[in-house]
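Q: I would like the atomic coordinates for the input below:
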Amino acid sequence: MDLPKGFHDEVNEAKENTHSAKDTIKSKVSTSPLKPGGANFKTNVLTQANSSKLIYKPSIGAAIFSFIFFAVGFGVLFFALFPLFKTNIEIVSINWFLILFGLLFSSAGGFMFYKFYKPRVFDKQQGIYYTTYKFNLHQSRKQQSDDYLPLKSIVAIQIIGEHIQSDDSSYKSFELNLVLDDASRKNVVDHGSLKSLIIDAEMLSEFLNVPIWHAGSIND
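A: The predicted structure follows:
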């Protein structure tokens with residue numbers, strides 16, 4: 001069947017306008033780290049739940065790391081509070097330093113569990129990317145927020161490398177960010193495995209049908 005007159009011209013013009021718009025956005029997008037710092041090991045793994053959903057889950061390393069902090073803190077806290085279960089104990093005999101140490105470590109472990117296990121879900125069926133433990137379908141259909149992001153607003157996947165140096169350590173961490181149609185960005189993961197991050201970016205690029213923009217490494 002013959003195509004309508006001028007069909008090819010309209011299609012080509014639409015494609016050129018699309019590429020031109022993305023080039024304009026790309027020129028405005030920052031190439032500095034969105035979240036300075038980051039872990040020196042792989043914290044999350046991107047998995048495909050089904051044909052319409054990609055989910056980030058914590059890596060084994062992140063789960064073990066979090067558990068160690070929580071277990072050490074809880075163990076120290078239990079050891080420090082154990083005398084309270086005995087009879088005829090005076091309050092001055094309690095080791096408050098151990099209690100504080102235990103609270104800090106167990107709280108840090110709990111926070112890491114919360115952070116690493118926090119949902120990061122790309123859902124084509126709902127048309128959104130969400131990062132909340134309590135998914136609310138009604139809320140997700142409202143205006144873009146910190147927890148809900150329309151998939152149609154994502155125009156590219158950005159990868160940025162950062163060299164992190166402190167008094168006692170030096171390592172590289174890599175960000176995977178979502179580039180939005182207003183040239184803003186939203187961080188998804190930030191960890192030390194570039195190989196894993198590239199695989200994730202390729203999966204997301206194919207899933208969302210958007211390009212990957214490599215921003216290079218900072219402070220090489």
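
Q: ok, F122 - contacts?
A: By Cβ atoms under 8 Å, 6 or more residues apart in numbering, the contact set of F122 is 53-55, 129, 151, 204, 207-208. C-beta coordinates here come from the backbone N, C-alpha and C atoms, glycine included.

Q: Neighbouring strands - and their directions - for the helix or strand hosting it?
A: In this structure, F122 sits in strand 120-123 according to DSSP states H and E. Paired strands of strand 120-123, with direction, are strand 53-58 (antiparallel), strand 128-130 (antiparallel) (DSSP bridges).

Q: Show me the strands in this protein, by range?
A: 44-50, 53-58, 120-123, 128-130, 148-150, 154-165, 170-180, 185-191, 212-218 (DSSP state E).

Q: looking at those, which is closest to F101?
A: strand 53-58 (25.3 Å; Cβ to Cβ).

Q: quick revisit: need the winner for burial among the strands paired with strand 120-123.
A: strand 128-130 (a mean of 21; mean count of other Cβ atoms under 10 Å).

Q: Distance from the chain centre to the strand holding F122, please.
A: Centre-to-centre, strand 120-123 and its host chain are 11 Å apart (Cα atoms, centre = their mean, to the nearest Å).

Q: pLDDT (mean, whole number) over it?
A: For strand 120-123, mean pLDDT is 96.

Q: Apart from its neighbours in sequence, what residue is nearest S193?
A: K42 (3.9 Å; Cβ to Cβ, 6 or more residues apart in numbering).
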